[in-house]
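Participant: sequence first, predicted coordinates after that:
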Amino acid sequence: MKILVADKISAKGVAYLREQPGFEVVEAYGSSPEQVLELVKDVHAIAVRSETKVTREVLEAAPELKVVGRAGVGVDNVDVEAATERGVVVMNTPSGNTIATAELTFAHILSGARPVPQAAASMKAGRWDRKVFAGVELFRKTLGIIGMGRIGGEVAKRAQAFGMQVVAYDPYLAPSRAKAMQVEAVTLDELLEKSDFITVHMPLTDDTKYMIDEAALAKCKSGVRLYNCARGGIIKESALIEALKSGQVAGAGLDVFEEEPLANDSELRSLSNVNLTPHLGASTVEAQAAVGVEIAEQISDVLSKGIIRNAVNMPSIDSAAIKVLGPYLDLGSKLGTLVQQISPNQISSLRITYWGKIIDLDANAVTRSIQRGYLRRISGDEVNEVNAPYLLKRLGVEVEVTKSNSDVDYTELISVAAIDGEGKSHSVLGTLIGKAQQPRIVGINGREVEVAAEGKLLVLENLDQPGMVGEVGTLLGRTGVNIADMSLSRLVQGETAYMVVRVDSEPGDEARTELKAHPKIKLAKFVQL
Ligand SMILES: NC(=O)C1=CN([C@@H]2O[C@H](COP(=O)(O)OP(=O)(O)OC[C@H]3O[C@@H](n4cnc5c(N)ncnc54)[C@H](O)[C@@H]3O)[C@@H](O)[C@H]2O)C=CC1
Ligand SMILES: O=C(O)C(=O)COP(=O)(O)O
């Protein structure tokens, strides 16, 4: 397995990757986009920070790629949509640099209140300017935090230690968390009107882009101080520059920019009331050691064990969960494959129902397995749990999931029904049997059957008449196909019955043609699980 470390991650992280048996590690920092295209052509994993851009083009140039690991939080340098389409897991290390970024934010807040960088520069220049560099106190001032996630929360604690009043705007903030953090949850407008200092801590999205623009700045107190250690573009730079010049904003501290690296001639560089750092939030020894090792372990787990943690494009399953879910994932994948083979090529939806123990587990992962199983014969190797939902959506197939607590005859039961264009349902039912949790098919199209969900199956719907089992047995025997197991079922005597025959080898053309042409057999499908 080849891993490209495209941005500088900690030496410990790289060493961890090198120690893994069968791993080849290539370190290539500061490569041009053209060089990246060349470097990725045979890699299975790419480790990045925020510098290397993993674009759609890069993903297309990497046919072997399984995982992109971001040693840090923001994945804005990765085309997550394109990765998802291609079944590439994108993962980050969400908490390793929280404290580092909260502390840098505080360094900026303090440097905005007390002009330490400017005073220090003046001292270095040989001056003693005591009057020029007076500041303001944080004590009893109001800090507005926009985005109360991991970093916002740590900034709040530090602000409280300084005796600041904290107000927060975060549309997804649970009232209980606001209460626990002793912050006042307010609307964005209230925050803008009340705050002496404002800091932003959320990702750059369509909703957050230019959240602080001319109109928002006009709502702020005159002399407000603003900080952005999250993502460039949350505060509109052109509006901020004007407000810094007019004095509406007394000072600003920026670690991130609309374009990085910041242009040499950016006006921000020449304003005396703004402090700039070159995207240093996560740049502490501790944070880099943490995220470097974390991403190395996560990449290794995906490649060697199939364990996915902190994925941003699929639900994560850790090793403990995999132990419990493993048999369900296997059953789900088989039910998906089976239902696809007994239904028409074009369906409009997949209806999945869970009963029993499974409803208390993370059924999301099982749903993805069913989707992957359904697509196995349609999309081949291209499909996995990451892109299965996307690929089904692209085919126009809706997926409906129901968890039912009604009584059933099994400890757990999964039903997968493919609904065709005419609304007709083609369904399979499966369960896990015994201590070994063996997957079993216990129903097909509303008929009870009982057959191990493995190997080669012949699914037959025949007229319920004497001698059918014998006829099928003779036909298969004559064409050299041995029967391993068989299950019979019917709804009403005299109507059609279902026969599920587990066979040791695939019936040849002769047997298939005969079965299909048989006047008493309405459906004959050979299914490989
Ligand atoms: N400067 C640097 O080097 C670093 C920057 N970051 C950036 O800091 C940001 C925050 O990171 P974390 O706290 O770890 O993320 P997080 O996911 O823990 O928190 C983000 C918060 O933003 C909130 N949010 C989302 N949309 C919002 C909206 N429209 N308005 C207000 N709040 C909204 C979410 O509810 C969440 O609570 C990310 O953009 C991350 O990339 C993170 C680490 C280092
Ligand atoms: O983790 C993040 O979101 C960061 O912005 C840190 O970026 P970096 O790894 O220092 O290039």
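Facilitator: Received, thanks. Ligands and ions are numbered 1, 2, ... in the order given.

Participant: can you pull the phi/psi pair for the single nearest residue of the chain relative to ligand 2?
Facilitator: Nearest residue of the chain to ligand 2: Gly72, at 2.7 Å (Cβ to the nearest ligand atom). Using the backbone N, CA and C atoms, a C-beta is placed for each residue, glycine as well. When read as degrees, to the nearest 10, the backbone of Gly72 gives phi 160, psi -160.

Participant: and it, how many neighbours?
Facilitator: Gly72: 26 surrounding residues under other Cβ atoms under 10 Å.

Participant: would you confirm that it contacts Asn97?
Facilitator: Yes. Counting by Cβ atoms under 8 Å, Asn97 is a contact partner of Gly72 at 5.9 Å.

Participant: residues contacting Ala287?
Facilitator: 96-97, 99-101 (Cβ atoms under 8 Å, 6 or more residues apart in numbering).

Participant: what about it, which SS state?
Facilitator: Secondary structure state of Ala287, per DSSP: H, G, I helix; E, B strand; the rest coil, is helix.

Participant: quick one: pLDDT of it?
Facilitator: Note on Ala287: pLDDT of 98.

Participant: what of Met123?
Facilitator: The score at Met123 is 97. That number is its pLDDT.

Participant: contact partners of the helix or strand of the chain with the lowest mean pLDDT?
Facilitator: Sorting the helices and strands of the chain by mean pLDDT, DSSP states H and E puts strand 483-490 at the bottom, at a mean of 86. Strand 483-490 is contacted from outside by 444, 447-452, 455, 464, 469, 473, 476, 496-504, using Cβ under 8 Å, 6+ apart.

Participant: give the next helix or strand downstream of that strand.
Facilitator: strand 496-503 (DSSP states H and E).

Participant: tell me which element the closest residue to Glu184 other than its chain neighbours is part of?
Facilitator: Using Cβ to Cβ, 6 or more residues apart in numbering and skipping the chain neighbours, the partner closest in space to Glu184 is Val167 (4.8 Å). If you go by DSSP H and E, Val167 is part of strand 165-169.

Participant: measure the residue in the stretch 101-250 of the chain that ligand 1 sits nearest to to Gly223 for me?
Facilitator: Closest contact between the stretch 101-250 of the chain and ligand 1, by Cβ to the nearest ligand atom, is at Gly149 (1.8 Å). Distance of Gly149 to Gly223, given as Cβ to Cβ, to the nearest Å: 28 Å.

Participant: contact residues of this protein facing ligand 1?
Facilitator: Within the chain, the positions adjacent to ligand 1 are 72-74, 94, 97-98, 101, 146-152, 169-172, 201-203, 207-208, 229-231, 255-256, 279, 281-282 by Cβ under 6 Å from any ligand atom.

Participant: quote the end-to-end distance of stretch 480-497.
Facilitator: Terminal residues of stretch 480-497 lie 24 Å apart, using Cα to Cα, to the nearest Å.

Participant: buried residues in that stretch, which are they?
Facilitator: Within stretch 480-497, the residues that count as buried by 16 or more other Cβ atoms under 10 Å are 481, 486-490, 496-497.

Participant: check stretch 350-361 too.
Facilitator: Going by neighbour count (16+ other Cβ under 10 Å), the buried part of stretch 350-361 is 350-356, 358.

Participant: if I read this right, Val274 contacts Ala243, doesn't it?
Facilitator: No. In this structure, Val274 is not within contact of Ala243 by Cβ under 8 Å, at 10.6 Å.

Participant: neighbour count: these two, which is higher?
Facilitator: Ala243 (24 against 19).

Participant: tell me the secondary structure of that one, please.
Facilitator: Assigned with three-state DSSP, Ala243 falls in the helix class.

Participant: what sits closest to it if chain neighbours are left out?
Facilitator: That would be Val249: by Cβ to Cβ, 6+ apart, it lies 4.1 Å from Ala243.

Participant: the one you found: neighbouring residues, count only.
Facilitator: Val249: 27 surrounding residues under other Cβ under 10 Å.

Participant: for it, which residues are in contact?
Facilitator: Neighbouring residues of Val249 by Cβ under 8 Å, 6+ apart: 217, 220, 223-226, 240, 243, 273.

Participant: of those residues, just the buried ones, PyMOL syntax please.
Facilitator: The PyMOL selection below is limited to those of the contacts of Val249 classed as buried (16+ other Cβ under 10 Å):
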select buried, resi 217+220+224+225+226+240+243
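
Participant: mind checking what secondary structure the closest residue to ligand 1 within the stretch 251-400 of the chain has?
Facilitator: Closest to ligand 1 within the stretch 251-400 of the chain is Gly281: 2.4 Å, counting by Cβ to the nearest ligand atom. Secondary structure assignment for Gly281 (three-state DSSP): coil.

Participant: Arg440 now?
Facilitator: Classification of Arg440 by three-state DSSP places it in strand.

Participant: surely it and Ala453 touch.
Facilitator: Yes. Judged on Cβ under 8 Å, Arg440 makes contact with Ala453 at a distance of 5.8 Å.

Participant: what does this protein have sitting close to ligand 2?
Facilitator: Within the chain, the positions lying close to ligand 2 (Cβ under 6 Å from any ligand atom) are 49-50, 72-74, 97, 279, 281-283.

Participant: buried ones among those?
Facilitator: Buried by 16+ other Cβ under 10 Å: 49-50, 72-74, 97, 279, 281-283, out of those.

Participant: for those residues, give me a markdown table that also has distance to Thr411 and pLDDT.
Facilitator: A markdown table is the format used below for these (distance: Cβ to Cβ, whole Å; pLDDT from 0 to 100):
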| residue | distance to Thr411 | pLDDT |
| --- | --- | --- |
| Arg49 | 47 | 97 |
| Ser50 | 48 | 95 |
| Gly72 | 43 | 97 |
| Val73 | 41 | 95 |
| Gly74 | 44 | 95 |
| Asn97 | 44 | 97 |
| His279 | 53 | 98 |
| Gly281 | 49 | 98 |
| Ala282 | 47 | 98 |
| Ser283 | 52 | 97 |
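
Participant: now, which of those residues sits nearest Asn345?
Facilitator: Proximity of these to Asn345 (Cβ to Cβ) peaks at Gly74, which lies at 41.5 Å.
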